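> Sequence plus the predicted model coming up.
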Amino acid sequence: MSQGSGRRHARELALQACYAHELSGNPPEQILSDVIFGKDEPGAVVEFAAELFRRSVADIPDYDTMIRRKAVNWEFNRIAILDKLILRLALCEFLHFPDIPPKVTIDEAIEIAKKYSTEKSGRFVNGILDAVLIDLRKEGRLHKKGRGLSEGNEEDE
(Lines give C-alpha, C1' and ligand atoms only; values in the text may rest on other atoms or scores of the structure.)
Protein backbone atom coordinates (compact mmCIF):
# COMPACT_ATOMS: atom_id res chain seq x y z
CA MET A 1 0.00 0.00 0.00
CA SER A 2 1.52 3.34 -1.02
CA GLN A 3 1.66 6.19 1.49
CA GLY A 4 -1.06 8.03 -0.45
CA SER A 5 -3.52 5.13 -0.47
CA GLY A 6 -2.54 4.23 3.11
CA ARG A 7 -3.28 7.76 4.24
CA ARG A 8 -6.62 7.75 2.38
CA HIS A 9 -7.54 4.53 4.16
CA ALA A 10 -6.42 6.02 7.48
CA ARG A 11 -8.56 9.11 6.84
CA GLU A 12 -11.54 6.83 6.16
CA LEU A 13 -10.90 4.97 9.44
CA ALA A 14 -10.67 8.29 11.28
CA LEU A 15 -13.97 9.32 9.68
CA GLN A 16 -15.59 6.08 10.88
CA ALA A 17 -14.24 6.76 14.37
CA CYS A 18 -15.55 10.35 14.32
CA TYR A 19 -18.95 9.09 13.19
CA ALA A 20 -19.05 6.53 16.00
CA HIS A 21 -17.98 9.21 18.49
CA GLU A 22 -20.59 11.68 17.26
CA LEU A 23 -23.44 9.17 17.43
CA SER A 24 -22.51 7.24 20.57
CA GLY A 25 -20.92 9.92 22.73
CA ASN A 26 -18.53 7.23 23.97
CA PRO A 27 -15.08 8.35 25.17
CA PRO A 28 -12.45 8.74 22.43
CA GLU A 29 -10.26 5.95 23.83
CA GLN A 30 -13.15 3.48 23.65
CA ILE A 31 -13.87 4.53 20.05
CA LEU A 32 -10.19 4.12 19.18
CA SER A 33 -10.23 0.63 20.65
CA ASP A 34 -13.45 -0.36 18.86
CA VAL A 35 -12.96 1.28 15.47
CA ILE A 36 -9.25 1.79 14.79
CA PHE A 37 -7.11 -0.42 17.00
CA GLY A 38 -9.33 -3.42 16.39
CA LYS A 39 -8.55 -3.45 12.66
CA ASP A 40 -5.87 -5.56 11.03
CA GLU A 41 -4.13 -2.63 9.33
CA PRO A 42 -0.49 -1.63 8.78
CA GLY A 43 1.02 0.25 11.72
CA ALA A 44 1.39 3.53 9.81
CA VAL A 45 -2.31 3.49 8.85
CA VAL A 46 -3.40 2.86 12.46
CA GLU A 47 -1.03 5.52 13.83
CA PHE A 48 -2.15 8.21 11.38
CA ALA A 49 -5.86 7.36 11.81
CA ALA A 50 -5.58 7.39 15.61
CA GLU A 51 -3.67 10.69 15.70
CA LEU A 52 -6.09 12.33 13.27
CA PHE A 53 -9.11 11.13 15.25
CA ARG A 54 -7.68 12.17 18.64
CA ARG A 55 -6.74 15.64 17.46
CA SER A 56 -10.00 16.20 15.59
CA VAL A 57 -12.24 15.33 18.56
CA ALA A 58 -10.07 17.36 20.94
CA ASP A 59 -10.80 20.62 19.11
CA ILE A 60 -14.40 20.19 17.89
CA PRO A 61 -15.58 23.62 19.17
CA ASP A 62 -12.73 25.41 17.35
CA TYR A 63 -13.38 23.54 14.08
CA ASP A 64 -17.13 24.09 14.31
CA THR A 65 -16.58 27.83 14.82
CA MET A 66 -14.47 27.93 11.63
CA ILE A 67 -17.13 26.00 9.70
CA ARG A 68 -19.94 28.23 11.00
CA ARG A 69 -18.09 31.39 9.89
CA LYS A 70 -17.88 30.13 6.31
CA ALA A 71 -21.19 28.27 5.98
CA VAL A 72 -23.09 31.56 5.96
CA ASN A 73 -26.10 30.31 4.00
CA TRP A 74 -26.40 27.09 5.98
CA GLU A 75 -27.88 26.39 9.37
CA PHE A 76 -25.11 24.53 11.15
CA ASN A 77 -27.40 21.77 12.42
CA ARG A 78 -28.66 21.18 8.85
CA ILE A 79 -25.19 20.47 7.41
CA ALA A 80 -24.90 16.76 6.64
CA ILE A 81 -23.20 15.00 9.55
CA LEU A 82 -20.60 13.37 7.30
CA ASP A 83 -19.76 16.73 5.70
CA LYS A 84 -19.24 18.22 9.16
CA LEU A 85 -16.99 15.33 10.21
CA ILE A 86 -14.97 15.49 6.98
CA LEU A 87 -14.53 19.24 7.44
CA ARG A 88 -13.34 18.78 11.04
CA LEU A 89 -10.79 16.17 9.95
CA ALA A 90 -9.49 18.42 7.17
CA LEU A 91 -9.24 21.44 9.48
CA CYS A 92 -7.34 19.25 11.93
CA GLU A 93 -4.89 18.35 9.15
CA PHE A 94 -4.46 22.03 8.25
CA LEU A 95 -3.58 22.92 11.82
CA HIS A 96 -1.82 19.88 13.28
CA PHE A 97 -0.10 17.99 10.45
CA PRO A 98 2.66 20.28 9.14
CA ASP A 99 3.93 17.71 6.62
CA ILE A 100 0.64 17.50 4.65
CA PRO A 101 0.14 20.21 2.00
CA PRO A 102 -3.24 21.97 2.23
CA LYS A 103 -3.97 21.05 -1.41
CA VAL A 104 -3.60 17.35 -0.54
CA THR A 105 -5.88 17.76 2.48
CA ILE A 106 -8.54 19.49 0.39
CA ASP A 107 -8.32 16.96 -2.47
CA GLU A 108 -8.61 14.05 -0.02
CA ALA A 109 -11.57 15.65 1.80
CA ILE A 110 -13.38 16.20 -1.52
CA GLU A 111 -12.84 12.59 -2.62
CA ILE A 112 -13.98 11.19 0.73
CA ALA A 113 -17.04 13.47 0.70
CA LYS A 114 -17.96 12.28 -2.79
CA LYS A 115 -17.58 8.65 -1.69
CA TYR A 116 -19.41 8.79 1.65
CA SER A 117 -21.76 11.76 1.61
CA THR A 118 -24.17 13.47 -0.80
CA GLU A 119 -23.84 14.32 -4.47
CA LYS A 120 -23.17 17.98 -3.65
CA SER A 121 -20.83 17.36 -0.72
CA GLY A 122 -17.60 17.57 -2.69
CA ARG A 123 -18.31 21.13 -3.83
CA PHE A 124 -19.56 22.17 -0.39
CA VAL A 125 -16.48 20.77 1.38
CA ASN A 126 -14.18 22.37 -1.19
CA GLY A 127 -15.78 25.79 -0.77
CA ILE A 128 -15.65 25.76 3.02
CA LEU A 129 -12.04 24.49 3.15
CA ASP A 130 -10.82 27.02 0.57
CA ALA A 131 -12.40 29.86 2.55
CA VAL A 132 -11.08 28.66 5.92
CA LEU A 133 -7.59 28.15 4.46
CA ILE A 134 -7.48 31.81 3.40
CA ASP A 135 -8.40 32.86 6.96
CA LEU A 136 -5.84 30.54 8.56
CA ARG A 137 -3.10 31.99 6.35
CA LYS A 138 -4.16 35.58 7.16
CA GLU A 139 -4.25 34.76 10.88
CA GLY A 140 -0.81 33.11 10.74
CA ARG A 141 -2.25 29.81 12.02
CA LEU A 142 -1.07 27.65 9.12
CA HIS A 143 2.34 26.14 9.86
CA LYS A 144 3.50 23.87 7.08
CA LYS A 145 7.02 22.51 6.74
CA GLY A 146 8.83 20.65 4.01
CA ARG A 147 9.42 21.01 0.31
CA GLY A 148 6.84 23.26 -1.30
CA LEU A 149 5.11 23.92 2.01
CA SER A 150 6.74 27.06 3.33
CA GLU A 151 4.61 30.17 3.58
CA GLY A 152 6.44 31.80 0.67
CA ASN A 153 5.53 28.99 -1.71
CA GLU A 154 1.77 29.01 -1.29
CA GLU A 155 1.24 28.99 -5.06
CA ASP A 156 3.07 25.66 -5.26
CA GLU A 157 0.58 23.93 -2.99
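Thanks, I have the structure now. Residues are numbered from 1 along each chain as shown.
> From the contact counts, what lies against the helix or strand bottoming out on mean pLDDT in the chain?
In the chain, no helix or strand scores lower on mean pLDDT, DSSP states H and E than helix 3-24, which sits at a mean of 92. Identification of packing neighbours for helix 3-24 by 3 or more CB pairs under 8 Å, 6 or more residues apart in numbering; DSSP states H and E yields helix 28-31, helix 43-58, helix 81-96, helix 102-116. Where C-beta positions appear, they are placed from N, C-alpha and C, glycine not excepted.
> List the buried residues of that helix.
6-22 (16 or more other CB atoms under 10 Å).
> Likewise for stretch 95-115?
Applying 16+ other CB under 10 Å to stretch 95-115 flags 95-97, 100-102, 105-106, 108-110, 112-113 as buried.
> Any chance of these in a markdown table with pLDDT and distance to Ser121 as columns?
What follows is these, written out as a markdown table (pLDDT from 0 to 100; distance: CB to CB, whole Å):
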| residue | pLDDT | distance to Ser121 |
| --- | --- | --- |
| Leu95 | 96 | 22 |
| His96 | 96 | 23 |
| Phe97 | 96 | 22 |
| Ile100 | 95 | 21 |
| Pro101 | 95 | 22 |
| Pro102 | 96 | 19 |
| Thr105 | 97 | 16 |
| Ile106 | 97 | 13 |
| Glu108 | 97 | 13 |
| Ala109 | 98 | 10 |
| Ile110 | 97 | 8 |
| Ile112 | 97 | 9 |
| Ala113 | 97 | 4 |
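> Out of those residues, which comes closest to Ala131?
Distances from Ala131 to the buried residues of stretch 95-115, taken as CB to CB, are shortest for Ile106 (11.1 Å).
> what's the helix or strand for Asp40?
Secondary structure from DSSP states H and E places Asp40 outside every helix and strand.
> okay, how far is it across stretch 55-63, tip to tip?
Criterion CA to CA, to the nearest Å; first-to-last residue distance in stretch 55-63 is 11 Å.
> who touches that stretch?
With contact meaning CB atoms under 8 Å, 6 or more residues apart in numbering, stretch 55-63 is reached by 14, 18, 21, 28, 87-89, 91-92, 95-96.
> Could you check how far Phe37 is from Arg88?
Phe37 is 21 Å from Arg88, where distance means CB to CB, to the nearest Å.
> Domains in this protein, by residue range?
Domain assignment for the chain, taken from automatic domain parsing, gives 1-58, 59-144.
> Now do the first one: distance to the chain's middle.
Using CA atoms, centre = their mean, to the nearest Å, the distance from the centre of domain 1-58 to the centre of the chain it belongs to is 11 Å.
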